[in-house]
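Student: Below are the sequence and a predicted model; questions follow.
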Amino acid sequence: MLKNKRKQRGIKEFLLVLPFIFLVALFSYYPLYGWLYAFYDYKPPKTLQQSEFVGLKWFVTIVSNKVKTREVLRVLRNTFAMSGLSLAFSWFPMIFAVFLNEIKCVPFKKFVQTVTTLPNFISWVLVYSIAYSIFCSTGAINSVLMNAGLIDKPIMFLQSTKGIWFKQWLWLTWKNAGWASIMYLAAISGIDEQLNEAARVDGASRWQVIWHITVPSLLPTYFVLVMISLANFLTNGMEQYYVFSNSFNKETIEVLDLYVYNTAMGAGGYSVSTAVSMLKTFVSMVLLFASNSASKLIRGEGFI
Amino acid sequence: MIKKKLMSGVLALAMVASLIAGCGKAGGEKETTTAGGETTKTEAQEETTAAEGGEQGDAQDVITIEIYDAAANFHGIQTGWFAKVIKDHCGLELNIIAPQVAGDSLYQTRTAEGNLGDIVILDKGDFLDCFNAGLIKDISAEIVNCPNLMDYKLQIDNYNKGLGLDDGVYYGIPAQMTDTSPVTISGEDVYSSIWLRWDQYKGIGMPDITSLDSLLDVLAEIHETYPTNENGDPAYPFTLWADWDGGDNMIGIANVVQLTTWYGEKIKESAILKPDNTFVPIYDKTAGYYKITKFLNDAYRRGLVDPDSGTQDWNSVMNKISNGQVNLLWYSWQQGFWNSVDRKQDGTAFAVIPVEDMLYYADADNYFGSTRVWGVGSQVEGEKYDRIMKFLDWYASPEGLTYEHCGIEGFTYTVNDDGTFTQINSNALMDNLPVPEEFGGGGYNDGSNQINQWLCEGYCTNPNTGERYSVSYWKSYKEATMTEMKKEWMEKYDAETPVEWMEKNGKLLASPNVQVPLETYTSDLSLIRNQVNDKLCDYTWKLIFVESDEEFDAMWDEMTETLNGLDYQTLYDFDTANYQKEVDAKEAAKAAAGK
């Protein structure tokens, strides 16, 4: 009877989980079937069945000579630089959330939060239009500088490569910081109020409360988020770089995802783009496991 | 480039959304907000036109068809006056699938489903692939019952035989056919040449232009004399854009590749075809691509290039042309964004200014069709199929062609006593004039034919008028545009039209029209083509903006090395072999025409 009940419960719970298993299978495992394309010479309008099997040819093509290897290395450099920059500044949303939390005037706090969260919902295409109208040769910045007599020739902001990684990071942060801080704000509200009160009774200053209570309480959340972004290290998205790239800055702005798109998708080279993105998956997995064991080593516990 | 497409796509979507929002009421309730008290009158007018409209005027009877259209710059349901025309005459509503707007991956996803569209308009290479993959319908039985299409039987036969089909078997209909001949040049001007504002050219004393260097001197003088438009916005001779780089079967940036035709050279994918019918690689320092890139760099160093050139898209350029912020045009169609009858009258329009040392390459009329082909999707059956064939026939009929090339009677033209046409509202397209409700309402440009591809070119003769369809050939138009400016031009150059001047002076290199099925790239080659093109475009843009000759040449050599590292040679070998067939066919056509 008891055994039966337990069984029944097991089935019930399994049914509850089933939709999610189904979703995971559908969206995370089924697409892996597409990896097949990397081993065929696929070109529309032919179907995969009609295409020729070519083995590892496309993987070899990516690095088949010096120039191509240089290209891949260049793209990897950009990817690592840009992801590395985001990673290095990944504490920014946390600090932002902490400071936001310290604002006592509620309407102002809400205002700041709304204003910083809104850009998250603007598409990159529109962000570029804004950037263009501000920074083009007749845009706001150049007009002000020219009228003030500071320059006699417009500065070409959008095609300069000076500090481009940092500039791109700024755009990304402008767009994402507010949104990313929501998680931390939630974590802050979860901190036991007794800790804060006890600290204040003990005479801790505002700054000391932040440093000794708020920040340490946020660290677990922070580490989980860093982990996730590490696994996505190579996937820094292409939209942003796609809209901001032009012939002058492509050298330094082309990240892996964009490279895959530029080399393959435009010309319908689906097989080779699948091959590149497969490599990306492998590298991401290596990064994930590496950081997981590092975490085990340092903190004594892993994430997976 | 795709980025820009994306942007224009988003904007187009937004526009469509606003259009739909705007038109919703008028269409549904037949109640116009503009007319105010005249609501009833509009209603009555609408009913009469619907009744007059033709066989399938009944709105409930309308079938929506999908057109996969490689030429369209618009994605979605055709709206406005042209939608009404199609609905009234063919009982169809057009859902245009535009890879140029929505992305080339549409081609992959739709072919994978085995249904590209009910009507497909493809580049001929893709058409060949789709034909081989069984995605195109055999229309042999029905096309012979299409009298208007059969007027072009010779041309359609020619194409289908090229596919390796037997006599009387038809799959494709080439686009933009003409009824002239494969060696005629009907145009008054060639596709690319120097267009300057006549008032500005006159303003600096009409100096003769002998070479690219002297052209730069002239442009520098114009720039100095007219640094801004009337509103004080900066104006430049060269305003470039990157949207079409690598397109039209030519690698490299579009603003350079088109200009190589000034010296009789034509780019065929990765190779340059010289006037003596030999091929050289695109990076050859003695050939046109180098020459023109250098020319643009010189222009840049003299301050004649719009600093936004590298980052703007075609839409901004179009606005600049319409605003008078551009002093030089080089595509013949660009003048449409500035030249109006009024401007021609007051002499501020753009005109072709011949350059002495140039040899203008010109393609002869597309007698056998352009590079695109129309077909019907293999899955189309029944009533839909009948209507599609009727539509195609109508599209090539004098009535259809009149709508396509001349617009709406009573709005863009009127009929004279002798049956010929006179243009009215010549700015309808440019200023997107509101179309009267009886013709379908909306803006004229918004509602214009979004298929953007004809079956028959405007050079064809309209049997009803005895004149060609294109406005610029109408007697009435010629009379109306016989302006002071045109007279001055004719006097100075002793010719009626630029083409006549070129022919007279032996400056025209005419390439006869042929229809040779060319092989498409394998996956390897298209990967190479794409990488090579990307690199070439990036380097070219940078080359235009370098500051010294040494830097220019060093970068050019670096580019050559990079391109070779990307297997340029393989691509070049394939392209030259492929296009040699076309060259041979053209030679044969020339011999046949006795030229």
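Tutor: Happy to help now that I have it.
Student: Which pLDDT value does the model give residue 97?
Tutor: Reading this off chain A. The per-residue pLDDT reported for residue A:97 equals 93.
Student: let's do chain B instead
Tutor: Confidence at residue B:97, expressed as pLDDT, is 95.
Student: Neighbours of the closest residue to chain A within the stretch 351-500 of chain B, how many?
Tutor: Going by CB to the nearest CB, chain A is nearest to residue B:378 of the stretch 351-500 of chain B, at 11.0 Å. Where you see a C-beta, it was placed from the backbone N, CA and C, and this is true even at glycine. For residue B:378, the neighbour count with other CB atoms under 10 Å in any protein chain shown is 19.
Student: which intervals of chain B have sub-threshold pLDDT?
Tutor: B:1-60, B:594-595 (pLDDT under 70).
Student: How is it divided into domains?
Tutor: Following automatic domain parsing, chain B resolves into domains at B:2-177+B:370-439, B:192-364+B:482-592.
Student: returning to that earlier point: now for the residue of the stretch 351-500 of chain B closest to chain A: which residues touch it?
Tutor: Shown in contact with residue B:378 (CB atoms under 8 Å, 6 or more residues apart in numbering or on different chains): B:114, B:134-137.
Student: Pull the number of nearby residues for whatever residue of chain B ends up closest to chain A.
Tutor: Residue nearest to chain A within chain B: residue B:565 (2.6 Å; CB to the nearest CB). Using other CB under 10 Å, residue B:565 has 19 other residues around it.
Student: Then residue B:446?
Tutor: Neighbours of residue B:446 using other CB under 10 Å come to 22.
Student: in a strand, that's where it is, yeah?
Tutor: No - Residue B:446: not assigned to a strand; according to DSSP: H, G, I helix; E, B strand; the rest coil it is coil.
Student: For whichever residue of the stretch 101-250 of chain A sits closest to chain B, which non-adjacent residue is spatially closest?
Tutor: Nearest residue of the stretch 101-250 of chain A to chain B: residue A:247, at 3.4 Å (CB to the nearest CB). If the residues on either side of it in the chain are set aside, residue A:247 comes closest to residue B:541, at 3.4 Å by CB to CB, 6 or more residues apart in numbering or on different chains.
Student: Might one say that that neighbour is in contact with residue B:252?
Tutor: No - counting by CB atoms under 8 Å, residue B:541 stays clear of residue B:252, with 10.4 Å between them.
Student: Identify the residues contacting the residue in chain A positioned nearest to chain B.
Tutor: Distances between chain A and chain B by CB to the nearest CB are smallest at residue A:67, namely 2.6 Å. Contact analysis of residue A:67 by CB under 8 Å, 6+ apart lists B:561-562, B:564-566.
Student: would you list every one of the helices in the stretch 451-595 of chain B?
Tutor: Secondary structure of the stretch 451-595 of chain B (DSSP state H, counting those that start in this stretch): helices at B:475-480, B:484-493, B:498-504, B:523-544, B:549-565, B:568-592.
Student: which helix in chain A runs the most residues?
Tutor: Ranked by residue count, the top helix of chain A under DSSP state H comes out as helix A:270-299.
Student: what about it, distance to the chain center?
Tutor: 15 Å (CA atoms, centre = their mean, to the nearest Å).
Student: And stretch B:567-582, by the same measure?
Tutor: Put simply, stretch B:567-582 sits 26 Å off its chain's centre (CA atoms, centre = their mean).
Student: Repeat that for stretch A:204-218.
Tutor: 28 Å.
Student: end to end, how far does that stretch reach?
Tutor: 19 Å (CA to CA, to the nearest Å).
Student: what does that stretch rub up against?
Tutor: The contact list for stretch A:204-218, computed with CB under 8 Å, 6+ apart, reads A:94, A:97-98, A:101-102, A:184, A:187-188, A:190-191, A:195-196, A:199-200.
Student: all strands for the stretch 1-150 of chain A, in order.
Tutor: Applying DSSP state E, counting those that start in this stretch to the stretch 1-150 of chain A gives strands spanning A:40-41, A:52-53.
Student: Now render those as CSV, adding mean pLDDT, distance to residue B:290 and mean neighbour count.
Tutor: Converted to CSV, the strands of the stretch 1-150 of chain A look like this (pLDDT from 0 to 100; distance: least, CB to CB, whole Å; neighbours: other CB atoms under 10 Å in any protein chain shown):
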stretch, mean pLDDT, distance to residue B:290, mean neighbour count
strand A:40-41, 90, 35, 20
strand A:52-53, 90, 39, 11
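Student: With distance to residue B:98 as extra columns, can I get the ones you listed in CSV?
Tutor: Output for the strands of the stretch 1-150 of chain A, formatted as CSV (distance: least, CB to CB, whole Å):
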stretch, distance to residue B:98
strand A:40-41, 28
strand A:52-53, 31
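Student: Output those as CSV; include the columns distance to chain B.
Tutor: Output for the strands of the stretch 1-150 of chain A, formatted as CSV (distance: least, CB to the nearest CB, whole Å):
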stretch, distance to chain B
strand A:40-41, 5
strand A:52-53, 9
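Student: Quick one: closest of those strands to residue A:271.
Tutor: In terms of CB to CB, the element of the strands of the stretch 1-150 of chain A nearest to residue A:271 is strand A:40-41, at 6.0 Å.
Student: Which neighbours in the sheet does that closest one have, and how are they oriented?
Tutor: strand A:52-53 (antiparallel) (DSSP bridges).
Student: which residues sit against the partner strand?
Tutor: Residues outside strand A:52-53 that contact it (CB under 8 Å, 6+ apart): A:39-41.
Student: And stretch B:214-223, by the same measure?
Tutor: With CB under 8 Å, 6+ apart as the test, stretch B:214-223 has contacts from B:194, B:196-197, B:200-201, B:203-204, B:207-209, B:235-238, B:295, B:298-299, B:302-304, B:327-328, B:355.
Student: Filter those residues down to just the buried residues.
Tutor: For the contacts of stretch B:214-223, a burial check counting by 16 or more other CB atoms under 10 Å in any protein chain shown picks out B:194, B:196-197, B:200-201, B:204, B:209, B:235-238, B:295, B:298-299, B:304, B:327-328, B:355.
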